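K.L.:
whatever this is, show me its structure:
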Amino acid sequence: MKIIGNGSILTLNKKNEFIPDGALLIEDGIIKGIGKTEELRNKYPDAEFIDAEHRLVMPGFLNAHMHLYSTFARGMSLKGKAPKTFKEILEKLWWKLDKNLTTKEEIYYSAVVPLIEGIKSGTTGIIDHHASFGLIDGSLDILEKAAKDIGVRSVLCYETSDRWGKALRDASIRENVRYISRVKKNAREYGETLTSATFGMHASLTLSDETLEKSKREADDLGVGFHIHVAEGIEDVEDALKKSGKRVVERLNDFGILGDKTLAIHCIHVNEKEINILRDTNTMIVHNPESNMNNAVGVAPIMEFFKKNILTGIGTDGYTPSMFESAKVSYILPKLHYRDPRVGGKETEEMLFKNNSKIFAKFFDRPVGVIEKGAYADIILLDYFPPTPFNESNAFYHFIFGMRENMVNTVMVNGRIVMKDHKMRGIDEKEIMAKSREVAKKFWEKMENE
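P.N.:
Numbers count the residues shown, from 1 in each chain. I've put the predicted structure just below:
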């Protein structure tokens with residue numbers, strides 16, 4: 001039993017309570033009580049006391065769409081002309097990279113590095129979308145090990161795709177089925193609480209009708225939805241029209257891919273009819289502003305999503321492990337895009353502080369991303385001592401204009417402290433980074449010799 005006290009607690013719960021000089025009682029990875037520091041310490045005198053020293057205490061950030069496997073692309077040069085279209089970016093970089101991920105070491109270290117960086121920037125939970133077509137079988141177990149070694153809550157899946165042929169397509173479907181089945185069994189038999197799973201698919205442009213039908217059949221048997229890129233580039237729309245005479249959302253809906261358990265990532269090139277389908281099917285959307293800007297694919301119509309009351313969260317798409325970065329760009333981008341300084345704030349606040357929590361609630365049996373009784377104890381302490389009045393109504397704007405990721409002091413996930421006073425616990429960070437460089441160097445040589 002632990003008490004985190006002497007902190008300013010931003011709960012982000014339904015009442016949006018802010019508690020100066022607050023304290024949390026934590027037991028077995030769960031928040032069991034919230035109150036004033038003196039009150040809880042008197043009531044539970046034998047509990048271990050963690051002094052927040054007047055820091056800001058709040059739920060850890062959640063990343064609703066991540067590609068951990070993208071790490072080894074950092075600093076890597078591409079042969080020949082730089083890709084000038086989104087399809088060329090996929091073909092010359094990402095598909096080539098994921099086909100060359102062939103060893104457990106490569107998958108592990110490409111995952112463990114951004115997981116560490118995520119913790120250091122206050123991210124306690126991720127929904128990852130994995131691809132390693134050079135090593136499919138068991139790849140999700142490797143990711144799970146990395147996440148547990150660092151102490152990150154995770155929702156994992158494998159990116160089903162036809163792009164490397166039917167044999168690897170079938171292997172990717174089997175990996176989703178195997179891993180989802182194992183996670184469900186572990187939750188049922190052993191009370192696993194840190195890991196969940198869903199069914200991964202790449203995007204309409206690399207998915208045949210046969211693959212959509214097979215994936216839907218398997219997912220229905222497992223009782224899960226999908227994690228899929230939707231209309232990220234205009235190429236996805238053009239391909240869907242060519243295959244079916246329908247746009248991406250319409251095509252996916254015809255195969256039953258959409259629904260209240262499905263994450264539709266990006267949704268940039270969607271029209272009003274498609275937005276209405278997403279709304280009517282209760283499909284969740286995840287916005288990834290930095291990645292979209294980097295790939296020059298366009299700006300997602302998030303204002304329209306909110307007008308239609310579509311549950312829209314925010315992720316990083318492998319561009320960064322930092323939700324600080326993603327949210328701050330999300331705040332600014334609509335102002336430029338719509339040429340209206342009034343937009344973007346409320347929407348980004350809801351995505352980061354509310355909707356990501358609602359999305360994670362689809363995958364875990366207790367609340368995540370909020371401070372309330374019964375929620376998982378995924379908590380961060382920040383070295384933020386506000387220079388102006390701070391309360392529940394202006395906390396988001398303190399986040400945008402005052403908070404920085406290097407202020408994340410202490411991180412707790414599932415009741416376990418994984419970083420204290422800016423230092424990771426239970427791992428040798430320098431040793432991991434050195435090993436990662438060694439593995440990445442060999443990986444680059446393999447890419448160059450292909």
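K.L.:
how would you label the closest residue to Lys354 other than its chain neighbours: helix, strand or coil?
P.N.:
Counting by Cβ to Cβ, 6 or more residues apart in numbering, Leu12 is the residue found nearest to Lys354 once chain neighbours are left out, at 7.2 Å. For every residue, glycine as well, the C-beta is placed using N, CA and C. Put simply, Leu12 is coil when judged by DSSP: H, G, I helix; E, B strand; the rest coil.
K.L.:
and what of Gly318?
P.N.:
Applying three-state DSSP: Gly318 is coil.
K.L.:
please apply the same query to Asp170.
P.N.:
Applying three-state DSSP: Asp170 is helix.
K.L.:
ok, now Ile371?
P.N.:
Applying three-state DSSP: Ile371 is coil.
K.L.:
hang on, it packs against Glu392?
P.N.:
No: between Ile371 and Glu392 there is no contact under Cβ atoms under 8 Å: 11.8 Å.
K.L.:
which one of these two is surrounded by more residues?
P.N.:
Ile371 (23 against 15; other Cβ atoms under 10 Å).
K.L.:
what separation do you get for the more buried one and Asn42?
P.N.:
As defined by Cβ to Cβ, to the nearest Å, Ile371 lies at a distance of 21 Å from Asn42.
K.L.:
for Asn288, same thing?
P.N.:
47 Å.
K.L.:
who's more crowded, those two?
P.N.:
Taking other Cβ under 10 Å, Asn288 and Asn42 do not tie; Asn288 has more neighbours (31 against 9).
K.L.:
separation between that one and Asn253?
P.N.:
From Asn288 to Asn253 the distance is 22 Å (Cβ to Cβ).
K.L.:
for Phe133, same thing?
P.N.:
From Phe133 to Asn253 the distance is 27 Å (Cβ to Cβ).
K.L.:
what do you get for Lys446?
P.N.:
40 Å.
K.L.:
which one's more surrounded, these two?
P.N.:
Asn253 (19 against 15).
K.L.:
quick one: contacts for the more buried one?
P.N.:
277, 281 (Cβ atoms under 8 Å, 6 or more residues apart in numbering).
K.L.:
on the three-state scheme, it is what?
P.N.:
Under three-state DSSP, Asn253 comes out as helix.
K.L.:
and if you look at His65?
P.N.:
Secondary structure state of His65, per three-state DSSP, is strand.
K.L.:
with Phe363 instead?
P.N.:
coil.
K.L.:
tell me how many other residues crowd it.
P.N.:
21.
K.L.:
again, but for Ala82
P.N.:
Ala82: 10 neighbours (other Cβ under 10 Å).
K.L.:
surely it is within a helix?
P.N.:
No: Ala82 sits outside any helix when classified using three-state DSSP, being coil.
K.L.:
any idea how far it lies from Ile89?
P.N.:
Taken as Cβ to Cβ, the span from Ala82 to Ile89 is 9 Å.
K.L.:
any weak-confidence spans in the stretch 151-300 of the chain?
P.N.:
For the stretch 151-300 of the chain, applying pLDDT under 70 flags no range at all.
K.L.:
strands along that one, start to end?
P.N.:
Taking DSSP state E, counting those that start in this stretch, the strands of the stretch 151-300 of the chain run over residues 153-156, 195-197, 199-203, 226-230, 263-266, 284-287.
K.L.:
Pro59: which of these is closest?
P.N.:
With Cβ to Cβ as the measure, strand 153-156 is the member of those nearest Pro59 (11.4 Å).
K.L.:
elements contacting that closest one?
P.N.:
strand 123-128, helix 139-150, strand 195-197 (3 or more Cβ pairs under 8 Å, 6 or more residues apart in numbering; DSSP states H and E).
K.L.:
what lines up beside that strand in the sheet?
P.N.:
strand 123-128 (parallel), strand 195-197 (parallel) (DSSP bridges).
K.L.:
and the last one, how far out from the chain middle?
P.N.:
A distance of 12 Å separates the C-alpha centroid of strand 195-197 from that of its chain, computed with Cα atoms, centre = their mean, to the nearest Å.
K.L.:
what do you get for stretch 357-375?
P.N.:
The answer for stretch 357-375 is 14 Å, by Cα atoms, centre = their mean.
K.L.:
columns mean neighbour count on top of the helices and strands packed on strand 153-156, output as JSON lines?
P.N.:
Formatted as JSON lines, the helices and strands packed on strand 153-156 follow (neighbours: other Cβ atoms under 10 Å):
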{"stretch": "strand 123-128", "mean neighbour count": "29"}
{"stretch": "helix 139-150", "mean neighbour count": "22"}
{"stretch": "strand 195-197", "mean neighbour count": "23"}
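K.L.:
can you redo the ones you listed as CSV with distance to Gly318?
P.N.:
Putting the helices and strands packed on strand 153-156 into CSV (distance: least, Cβ to Cβ, whole Å) gives the following:
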stretch, distance to Gly318
strand 123-128, 9
helix 139-150, 13
strand 195-197, 19
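K.L.:
which of these sits closest to Ile359?
P.N.:
Short answer: strand 123-128, nearest of those by Cβ to Cβ, at 7.5 Å.
K.L.:
contacts for that closest one next, please.
P.N.:
By Cβ under 8 Å, 6+ apart, strand 123-128 touches 59-68, 115, 118, 143, 147, 152-157, 198, 227, 263, 286, 315, 321-323, 359-360, 363, 368-369, 378-380, 411-413.
K.L.:
quick one: secondary structure of the nearest residue to Phe18 once chain neighbours are set aside?
P.N.:
Excluding its sequence neighbours, the residue lying closest to Phe18 (Cβ to Cβ, 6+ apart) is Glu392, at 4.0 Å. Under three-state DSSP, Glu392 falls in the coil class.
K.L.:
quick check on Glu392: phi, psi?
P.N.:
Backbone torsions for Glu392, taken as degrees, to the nearest 10, come to phi -60, psi -30.
K.L.:
quick one: closest of the strands paired with strand 153-156 to Lys104.
P.N.:
strand 123-128 (16.6 Å).
K.L.:
mind checking how far that closest one is from the chain centre?
P.N.:
4 Å.
K.L.:
now stretch 275-282
P.N.:
Counting by Cα atoms, centre = their mean, stretch 275-282 comes out at 22 Å from the chain centroid.
K.L.:
burial measure for the residue nearest to Asp239 when sequence neighbours are not counted, as a count.
P.N.:
In space, and not counting its chain neighbours, Asp239 is closest to Leu205: 3.9 Å by Cβ to Cβ, 6+ apart. By the criterion of other Cβ under 10 Å, Leu205 has 23 neighbours.
K.L.:
which residues touch Leu205?
P.N.:
235-236, 239-240.
K.L.:
repeat for Val370
P.N.:
Contacts of Val370 by Cβ under 8 Å, 6+ apart are 11-13, 59, 357.
K.L.:
surely Cys267 touches Ile285?
P.N.:
Yes: between Cys267 and Ile285 there is a contact under Cβ under 8 Å: 5.1 Å.
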